[in-house]
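Asker: show me how the following folds:
(chains A and B)
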2 protein chains.
Amino acid sequence: MRNILLRLAYDGTSYHGFQRQPAIHGQTIQGELERAWEKLFAEEIGVVTAGRTDTGVHAAGQVVNFFTEARIPCHKIPKAMNSILPYDIRILEAEVVSAEFNARKSAKWKRYDYRIDNSPIPDVFSRLYYLHEPLPLNIEHMQKAAACMEGRHNFKAFAAAGSSARSFVRTLYRCKVSQQNQHVIVTCIGDGFLYNMVRIITGTLLYVGKGKIKPEEIPEIIQSKDRVRAGITAAARGLTLTYVNYDGSAPTDIFSDLL
Amino acid sequence: MRNILLRLAYDGTSYHGFQRQPAIHGQTIQGELERAWEKLFAEEIGVVTAGRTDTGVHAAGQVVNFFTEARIPCHKIPKAMNSILPYDIRILEAEVVSAEFNARKSAKWKRYDYRIDNSPIPDVFSRLYYLHEPLPLNIEHMQKAAACMEGRHNFKAFAAAGSSARSFVRTLYRCKVSQQNQHVIVTCIGDGFLYNMVRIITGTLLYVGKGKIKPEEIPEIIQSKDRVRAGITAAARGLTLTYVNYDGSAPTDIFSDLL
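Answerer: Below is the predicted model:
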């Protein structure tokens, strides 16, 4: 029995999120992965994921693991699975990991990027991966507000209402707003994320950008633990799970854009 | 009666090309534009296009013109049409032009870009706009071959067989191969293009990149006027009509990437 780790990318546009669901809810990433494996090796597997992305959310560096008795050499797994999987899901790498490895529990930190197309007329070629926001944004205010999000906080104000987490305390190592031409990116790196957390942080930063919330109000909003004080949940399509880290190296060691 | 010019962008993935066709053939860009206008102003228009893009071909800077008696101020046309058009078609600009202006006949030159994803595993987020070519490409050879394409030639070898053009002579001002990380772009700028010409030039350059054709053979292939000597027609999805010029300024005045 080997424990296999897969890194994969997917365009979440056509999927009802990561997690397998009864067929009537439509296709899921987990469902496609497990179906492809069964087709190849006539073996039922149960994949564990680093982060269950929602309906419409994308991944550039999702990680899953599963146990298998199939004897295929590990380096041949990506090509084999990609020959079966739909074109909007691609396996990037496979490796054998120790039996203790668990894609969710072993993760040290994750990086999410939320992409915003801040031009008057949306770019047709980015429309599936960017939120379109035609109003002018005060980027400096957004950056100040983002800096206030960083640190170890109770993020209950930034979790979907009714969230069943045992604790709302998470550490956000980085919360950064960057701009390149008409594109604005909100990057969040943390040890864990509550349900809809990155989308609510982004919705709040967009309120800051439009002057509906002042940057100075952020610490107060965090302290309030009141979901109603934060901004709206930004649309799923702008969000991408970019990377999951397992060795604990610093984010800046891996991403030069964070330096 | 005003003559209106529109600049527009579209993702051609879901369309059966630009030109209006009987409904059984599916949606076309022209059909969508004319339908949107009729819905807004109860007026039937006939749009003339700078270049009839094929099924699956995209446009970042397509140009059309049409005559109208509708009294909407010109600067309000993009927003009005975009409120009706599907999200994969966006009107970027509108202006009133002289009665003599014809989007096709008045064009001085057009720029097409053919995008290739030259990575072992295709990027899921580019898959609709890039051709995936996993084999290594000799970029230097492709660049040499591209230079041989430039100039005023009879391009019959690079026109779809059975093409009904009166003359096959066209001037290709620029034919350039550029590489950035895993992306290879073939840029063609010319005074006119034969049916499938950019896709056949790209297919031929890909043969050169893979060593099936030598760069030195290109002049010979052009002279042969024999479609069979050139490479295959590269898939539509990689092709974008980027820009149409009407004032005759030099391509290098407009595109810094060509300097």
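Asker: in the sheet, who's paired with the residue in the stretch 151-259 of chain A that chain B sits nearest to?
Answerer: In the stretch 151-259 of chain A, the residue that lies nearest chain B is A:Thr240 (8.4 Å; Cβ to the nearest Cβ). Backbone N, C-alpha and C define where each C-beta goes, glycine included. Counting by DSSP bridges, A:Thr240 is bridged to A:His58, A:Asp113.
Asker: report pLDDT for it.
Answerer: Here, the pLDDT recorded for A:Thr240 equals 98.
Asker: likewise A:Ala234?
Answerer: Note on A:Ala234: pLDDT of 98.
Asker: list the contacts for the residue nearest to A:Glu95 when sequence neighbours are not counted?
Answerer: Excluding the flanking residues, the one nearest A:Glu95 by Cβ to Cβ, 6 or more residues apart in numbering or on different chains is A:Leu5, at 5.1 Å. Remark: with contacts taken as Cβ atoms under 8 Å, 6 or more residues apart in numbering or on different chains, A:Leu5 is in contact with A:Val63, A:Val64, A:Asn65, A:Ala94, A:Glu95, A:Val96, A:Val97, A:Phe101, A:Ala103.
Asker: a markdown table for the residues you listed, including secondary structure, distance to A:Lys144 and pLDDT?
Answerer: Below are the contacts of A:Leu5 laid out as a markdown table (DSSP: H, G, I helix; E, B strand; the rest coil; distance: Cβ to Cβ, whole Å; pLDDT from 0 to 100):
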| residue | secondary structure | distance to A:Lys144 | pLDDT |
| --- | --- | --- | --- |
| A:Val63 | strand | 33 | 98 |
| A:Val64 | strand | 37 | 98 |
| A:Asn65 | strand | 39 | 98 |
| A:Ala94 | strand | 42 | 98 |
| A:Glu95 | strand | 41 | 97 |
| A:Val96 | strand | 45 | 98 |
| A:Val97 | strand | 41 | 98 |
| A:Phe101 | coil | 39 | 98 |
| A:Ala103 | coil | 35 | 98 |
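Asker: neighbour-wise, which one of the residues you listed leads?
Answerer: Most neighbours among the contacts of A:Leu5, by other Cβ atoms under 10 Å in any protein chain shown: A:Val63, with 26 neighbours.
Asker: looks like that residue contacts A:Val244 (just checking).
Answerer: Yes: assessed by Cβ atoms under 8 Å, A:Val63 is found in contact with A:Val244 at 4.5 Å.
Asker: need the overlap of contacts for these two.
Answerer: Joint contacts of A:Val63 and A:Val244 (Cβ under 8 Å, 6+ apart) are A:Ala50, A:Ala103, A:Ala107.
Asker: between those, which is closest to chain B?
Answerer: For the shared contacts of A:Val63 and A:Val244, the nearest to chain B is A:Ala50 (17.4 Å; Cβ to the nearest Cβ).
Asker: list the contacts of that closest one.
Answerer: Per Cβ under 8 Å, 6+ apart, neighbours of A:Ala50: A:Gln62, A:Val63, A:Val64, A:Ala103, A:Arg104, A:Ala107, A:Lys110, A:Leu241, A:Val244.
Asker: of all those residues, which two lie farthest apart?
Answerer: The distance between the two most remote of these (Cβ to Cβ) is 13.4 Å, for A:Val64 and A:Lys110.
Asker: residue of the stretch 51-200 of chain A closest to chain B, please.
Answerer: The nearest approach of the stretch 51-200 of chain A to chain B comes at A:Val124, 4.8 Å away (Cβ to the nearest Cβ).
Asker: partners of the helix or strand containing A:Arg90 in the sheet?
Answerer: In this assignment (DSSP states H and E), A:Arg90 forms part of strand A:89-97. Counting by DSSP bridges, the strands paired with strand A:89-97 are strand A:2-10 (antiparallel).
Asker: tell me the angle of the following helix or strand past the strand it pairs with relative to strand A:89-97?
Answerer: Sequence order places helix A:29-41 as the next helix or strand after strand A:2-10, per DSSP H and E. Helix A:29-41 runs at 70 degrees relative to strand A:89-97, counting by axes from the mean of the first three to the mean of the last three Cα atoms, to 10 degrees.
Asker: contacts for the next helix or strand after helix A:29-41, please.
Answerer: Once the chain leaves helix A:29-41, the next helix or strand it forms, by DSSP H and E, is strand A:48-49. By Cβ under 8 Å, 6+ apart, the list of residues contacting strand A:48-49 from outside reads A:Phe18, A:Gln19, A:Gln30, A:Gln62, A:Val63, A:Val64, A:Asn65, A:Phe66, A:Asn102, A:Ala103, A:Arg104.
Asker: between these, which is nearest B:Tyr114?
Answerer: Of all the contacts of strand A:48-49, A:Gln62 has the smallest distance to B:Tyr114: 30.3 Å, by Cβ to Cβ.
Asker: helix, strand, or coil at the closest one?
Answerer: Assigned by DSSP: H, G, I helix; E, B strand; the rest coil, the conformation of A:Gln62 is strand.
Asker: ok, the nearest residue to it once chain neighbours are set aside - contacts?
Answerer: Using Cβ to Cβ, 6+ apart and skipping residues adjacent in sequence, the residue nearest A:Gln62 is A:Leu8, 5.1 Å away. Going by Cβ under 8 Å, 6+ apart, A:Leu8 touches A:Leu33, A:Ala59, A:Gln62, A:Val63, A:Val64, A:Ile89, A:Arg90, A:Ile91, A:Leu92.
Asker: could you rerun that using 6 Å?
Answerer: A:Leu8 makes contact with A:Gln62, A:Ile91, A:Leu92, according to Cβ atoms under 6 Å, 6 or more residues apart in numbering or on different chains.
Asker: and the last one, how far from B:Asn138?
Answerer: The spacing between A:Leu92 and B:Asn138, counted by Cβ to Cβ, to the nearest Å, is 25 Å.
Asker: more neighbours: these two, which one.
Answerer: Comparing A:Leu92 with B:Asn138 by other Cβ under 10 Å, the one with more neighbours is A:Leu92, at 18 against 14.
Asker: find the nearest non-adjacent residue to the more buried one, please.
Answerer: Among residues not flanking A:Leu92 along the chain, A:Arg7 sits closest, at 4.6 Å (Cβ to Cβ, 6+ apart).
Asker: then A:Asp54?
Answerer: Closest residue in space to A:Asp54, ignoring its immediate chain neighbours: A:Gly17 at 5.0 Å, by Cβ to Cβ, 6+ apart.
Asker: what bridges to the nearest residue to A:Ala235 once chain neighbours are set aside?
Answerer: Nearest residue to A:Ala235, sequence neighbours excluded (Cβ to Cβ, 6+ apart): A:Leu131, at 5.3 Å. Taking DSSP bridges as the rule, A:Leu131 bridges to A:Ile116.
Asker: list the contacts of A:Leu131.
Answerer: A:Ile116, A:Ala234, A:Ala235, A:Gly238.
Asker: switch the cut-off to 10 Å
Answerer: Contacts for A:Leu131 (Cβ atoms under 10 Å, 6 or more residues apart in numbering or on different chains) come out as A:114-118, A:122, A:184, A:186, A:199, A:202-203, A:206, A:234-239.
Asker: okay, and which of those residues map to helices?
Answerer: Using DSSP state H, A:Arg199, A:Thr202, A:Gly203, A:Leu206 are the members of these that sit in helices.
Asker: so which of those residues wins on neighbours?
Answerer: Neighbour max across the ones in helices among the contacts of A:Leu131 (other Cβ under 10 Å) = A:Thr202, 32 neighbours.
Asker: that older thread, quick check: beta-bridge partners of the residue nearest to A:Glu95?
Answerer: As for beta bridges, A:Leu5 partners with A:Asn65, A:Glu95 under DSSP bridges.
Asker: any idea how far the residue nearest to A:Gln62 is from B:Pro122?
Answerer: From A:Leu8 to B:Pro122 the distance is 13 Å (Cβ to Cβ).
Asker: appreciated, that's everything.
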